[in-house]
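Visitor: Give me the fold of what follows.
(chains A, B and C)
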Amino acid sequence: MCWGCKSQHDRETARVQKALSWVSTAGSVAQLWVENRVPARYAERTLDEARTELTSNGEAESALLAATLRDAVHRADRAGVAAPLASLMAHRGSLHAQSDQLESEK
Amino acid sequence: MKKGLQLFLGILTAIGGFFDIGNLVTAAQAGATFRFQLLWALALGTIIVIFLVEMSGRFAAVTKKSIPTGVREHFGVRVWIAPFAILVLLHFLTLAAELGGIAFALQLVTGISFQIWVLPVGVLVWLFLWRATFDAIEYSTATLGLIALCFVVAAFMYHPPRSDVLSGLLPSLPKQDGAKYWLYAVSIIGALIAPYMFYFYSSGAVEDEWDKSYLMVNRIVSITGMSFGAVITAAVIIMTGLVLHPLDIGVDSINQAAFVLTGAFPFWGFLLFAASMGIACTGAAAEVGLSLAYSTAQTFGWNWGESLEPKKDARFALTYTVAIVLAMLLMMLGIDPLKLTIYTMALNAMVLPIVSIPFLMLMNDGRLMREFTNGIFTNAATAIIVLISFVLFVVSIPLVIMGSG
Amino acid sequence: MHLFRELLDKQIEDRDDERMGRVDAIGVELRPGAPPRVVDIELGGVSIAARLHPRLEALAMRLHKKLGVRRSARYHIPWEKILDVNDDRVKVDVCADDTPAMDWEKWLRRHVIGKIPGASTEEEE
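Guide: Sure, this is the predicted structure:
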């Protein structure tokens, strides 16, 4: 066992998992806001956080989508959420596949 | 009649006072990442805390002394000073985390940053300690704390597969993320056995002037109260396991867990989460602040008592005042309450041997405890607790260093 | 030797049962050909520090000289003043409020805690 050092593979797995987690968070929160289940301010804050986390985990496109969602929430534009949300969910699908792939390679 | 009421209030307090930022955060992380697989850590931690709380209540009822008093008188200041210093540090970090928790709950609802909320929150908690009596603090926060039962209601509404829940109660090895799995297990146990739990309980028993006639009350309160209290934490694991796990959401920020109740309660879910968190942390912050002041006053033999006016025990009042101010400053720097919580809880687990072993030795001292020393069963359990805490100690160091990364 | 253990670290209470500190140290007179005799009991942060480490004692003493409000860093209560010793406390025939043991308490009362509104109900109502 090697404490403190992680292999390239482990690091990539951790990155993908984290990105997946934040893409999912952004998607869920945007959807819940559309359904009026969470307040706009919270949704904005969380989408902002998702953008930062996705950027630092090398998912620039998803980060941009999170920012777009945030802006839609800010404008209270419920219809404007649909398109970026759909793209984000597509990203989620591919990240999920990537994560499964990495798991199976172990 | 009086005992009956005491029993009822005691159980209520134990249930309401059990849940805090540590339990919430560690349970949410465990549930989101490992679904029900870490329920066993909760069960194990609960058994340990039942024994510790029962013993500290029994110690207070038999000797009329709190734990710091007992340890210092018996082993001397040279033995007690190191555990005491660690205890002060842990209380302080926990206090900061609880204040952060209240402030974060307000951030969830208002959108205004927790760093700003920390200021009024700290003043409010301080005012509460400054003006209220011990009983008022204990019972009001405990009663309000029952709002966290909404997690239990939600968990029942989802009808989680019973076989999955039961199998989670048996320890099993993780399929992946070994380091994270053990870190979460250690943090869950650390959150349950936070030293303020049993130090506060023993000071409260002394303050309420328990005697031997309270031994049965003590036993029932610690077993029932702690078990029911753990049910709330279990419900958090189950809810995050049911809602966040399928979405692949890991809880690296409290924001990611804040909507777990919106499926069960579409309109109120979000508010219920924030309210449960805010109130649980308020009660815990008051308890931690008091517990710190009690332990310090008892260690140095100052006058102490929450029902006295601050002027009658200036040093006691000053202790919690300074602690709250420093904790507020720490949180205003913008330290993430979630991260602070995780590390503090792991630290709790790490230092359990140091803060509990002198006390466990006292529980076996016939001169002090007379016929009320630990029985064979409790001693066997105690031995296991010491062993587990030692293992936690050894295991948690590399885990904490490796961190959650 | 038994007496030392019996005394050390015990709660000290004054003649009105006011808690005033703990027995932080014991003053002992060594007598040739006779068992050592307890002369007084001591309380104070410096006395605690002295039991932990000589360096800590020096540090505590320096802090006391710079910031202390106590009349003396170590407060000695002569053996003659001890009224009673039991499992729970050492009762001494002094008035806590008049001793250095309560100097800090009184100072804080006057300059810090007492200045905060609500410290005492008597004054307000």
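Visitor: Only C-alpha atoms from now on, for both contacts and neighbour counts.
Guide: OK.
Visitor: is the longest helix seen in chain C up against chain B anywhere?
Guide: Counting by DSSP state H, the longest helix found in chain C is helix C:54-67. No - Helix C:54-67 lies out of reach of chain B by Cα under 8 Å from any Cα of the partner chain, never closer than 12.5 Å.
Visitor: Beyond that helix, next helix or strand please.
Guide: On the C-terminal side of helix C:54-67, the nearest following helix or strand under DSSP states H and E is strand C:75-78.
Visitor: what pairs with that following strand, and is each one parallel or antiparallel?
Guide: Paired strands of strand C:75-78, with direction, are strand C:34-43 (antiparallel) (DSSP bridges).
Visitor: Can you tell me what sits against the next helix or strand after the strand it pairs with?
Guide: Sequence order places helix C:45-52 as the next helix or strand after strand C:34-43, per DSSP H and E. Here helix C:45-52 makes contact (Cα atoms under 8 Å, 6 or more residues apart in numbering or on different chains) with B:77-78, C:24-25, C:56-57, C:60-61, C:73-74.
Visitor: how about stretch B:160-177: buried residues?
Guide: Residues of stretch B:160-177 classed as buried by neighbour count (16 or more other Cα atoms under 10 Å in any protein chain shown): B:165, B:168-169.
Visitor: again, but for stretch A:49-67
Guide: Buried residues in stretch A:49-67, counted by 16+ other Cα under 10 Å: A:49-55, A:57, A:59, A:62-67.
Visitor: Identify the residue nearest the geometric centre of chain C.
Guide: The centre of chain C sits closest to residue C:43, judged by Cα atoms, centre = their mean, with a distance of 2.9 Å.
Visitor: And chain A, by the same measure?
Guide: For chain A, residue A:23 is the residue whose C-alpha lies nearest the centre (Cα atoms, centre = their mean; 1.4 Å).
Visitor: Not counting its neighbours along the chain, what's nearest it?
Guide: residue A:92 (6.2 Å; Cα to Cα, 6 or more residues apart in numbering or on different chains).
Visitor: Which among the contacts of helix C:45-52 count as buried?
Guide: Buried among those (16+ other Cα under 10 Å): B:77, C:24-25, C:57, C:60-61, C:73-74.
Visitor: So which of these is the closest to chain A?
Guide: Here the nearest of those to chain A, counting by Cα to the nearest Cα, is residue B:77; it sits at 37.8 Å.
Visitor: In contact with that closest one: list those residues for me.
Guide: Residue B:77 makes contact with C:9, C:48 under the criterion Cα under 8 Å, 6+ apart.
Visitor: now do 10 Å
Guide: Counting by Cα atoms under 10 Å, 6 or more residues apart in numbering or on different chains, residue B:77 touches B:71, B:84, B:299-300, C:8-9, C:24, C:48-49, C:51-52.
Visitor: now swap in residue C:63 and tell me
Guide: Shown here is residue C:63, whose contacts under the criterion Cα under 10 Å, 6+ apart are C:46, C:57, C:73.
Visitor: coming back round to it: in terms of pLDDT, where does the residue nearest to the centre of chain C sit?
Guide: With respect to pLDDT, residue C:43 scores 93.
Visitor: can you pull the contacts of the residue lying closest to it once chain neighbours are set aside?
Guide: Nearest residue to residue C:43, sequence neighbours excluded (Cα to Cα, 6+ apart): residue C:24, at 4.8 Å. Listed by Cα under 10 Å, 6+ apart, the contact set of residue C:24 reads B:76-77, B:300-301, C:7-12, C:41-51, C:74-75.
Visitor: Please convert the buried members of the residues you listed into PyMOL selection syntax.
Guide: The PyMOL selection below is limited to those of the contacts of residue C:24 classed as buried (16+ other Cα under 10 Å):
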select buried, (chain B and resi 76+77+300+301) or (chain C and resi 7+8+9+10+11+12+41+42+43+44+45+46+47+48+49+50+74+75)
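Visitor: Can you narrow the buried residues of stretch A:49-67 down to the ones near chain B?
Guide: Checked against chain B using Cα under 10 Å from any Cα of the partner chain, those give the following subset in range: A:49-50.
Visitor: Flag the shaky bits of chain A, pLDDT-wise.
Guide: For chain A, the stretches with pLDDT under 70 are A:1-6, A:106.
Visitor: can you give me the helices for it?
Guide: Under DSSP H, chain A gives helices at A:8-34, A:40-56, A:60-74, A:82-105.
Visitor: out of those helices, which comes closest to residue B:105?
Guide: Judged by Cα to Cα, the one of the helices of chain A that comes nearest to residue B:105 is helix A:40-56, at 10.8 Å.
Visitor: That closest one relative to helix A:8-34, how many degrees between them?
Guide: 160 degrees (axes from the mean of the first three to the mean of the last three Cα atoms, to 10 degrees).
Visitor: give the contact list for the residue in chain A positioned nearest to chain B.
Guide: Per Cα to the nearest Cα, residue A:21 is where chain A lies closest to chain B, at 4.1 Å. By Cα under 10 Å, 6+ apart, residue A:21 lies in contact with A:15, A:50, A:53-54, A:92, A:95-96, B:33, B:244-245, B:247-252, B:256.
Visitor: For it, which non-adjacent residue is closest in space?
Guide: For residue A:21, ignoring the flanking residues on the chain, the nearest one in space by Cα to Cα, 6+ apart is residue B:249 at 4.1 Å.
Visitor: ok now do the residue in the stretch 201-350 of chain B positioned nearest to chain A, which residues does it touch?
Guide: Residue nearest to chain A within the stretch 201-350 of chain B: residue B:249 (4.1 Å; Cα to the nearest Cα). Contacts for residue B:249 (Cα under 10 Å, 6+ apart) come out as A:17-25, A:28, B:29, B:32-33, B:240-241, B:243, B:256-257.
Visitor: rewinding a little: surely the residue nearest to the centre of chain C meets residue C:70?
Guide: No - Residue C:43 lies out of contact with residue C:70 (Cα atoms under 10 Å); the separation is 11.6 Å.
Visitor: which residues do these two both contact?
Guide: With Cα under 10 Å, 6+ apart, residue C:43 and residue C:70 have common neighbours C:100-101.
Visitor: re the thing from before, direction-wise, compare the longest helix of chain C with helix C:45-52 and give the angle.
Guide: Here helix C:54-67 runs at an angle of 170 degrees relative to helix C:45-52 (the same axes, to 10 degrees).
Visitor: and helix C:54-67, C-alpha only, in PDB?
Guide: Below are the C-alpha coordinates for helix C:54-67, written out as PDB (Å, rounded to 0.1, in the frame of the first residue of the first chain):
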ATOM      1  CA  PRO C  54      10.200  24.600  35.300                       C
ATOM      2  CA  ARG C  55      10.100  26.400  31.900                       C
ATOM      3  CA  LEU C  56       6.400  26.800  32.100                       C
ATOM      4  CA  GLU C  57       6.800  28.100  35.600                       C
ATOM      5  CA  ALA C  58       9.100  30.800  34.400                       C
ATOM      6  CA  LEU C  59       6.800  31.700  31.500                       C
ATOM      7  CA  ALA C  60       3.800  31.900  33.800                       C
ATOM      8  CA  MET C  61       5.700  34.000  36.200                       C
ATOM      9  CA  ARG C  62       6.700  36.400  33.400                       C
ATOM     10  CA  LEU C  63       3.100  36.600  32.200                       C
ATOM     11  CA  HIS C  64       2.000  37.300  35.800                       C
ATOM     12  CA  LYS C  65       4.500  40.100  36.100                       C
ATOM     13  CA  LYS C  66       3.400  41.700  32.800                       C
ATOM     14  CA  LEU C  67      -0.300  41.100  32.800                       C
END
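Visitor: so where is the stretch 301-405 of chain B shaky, pLDDT-wise?
Guide: Residue ranges of the stretch 301-405 of chain B with pLDDT under 70: B:402-405.
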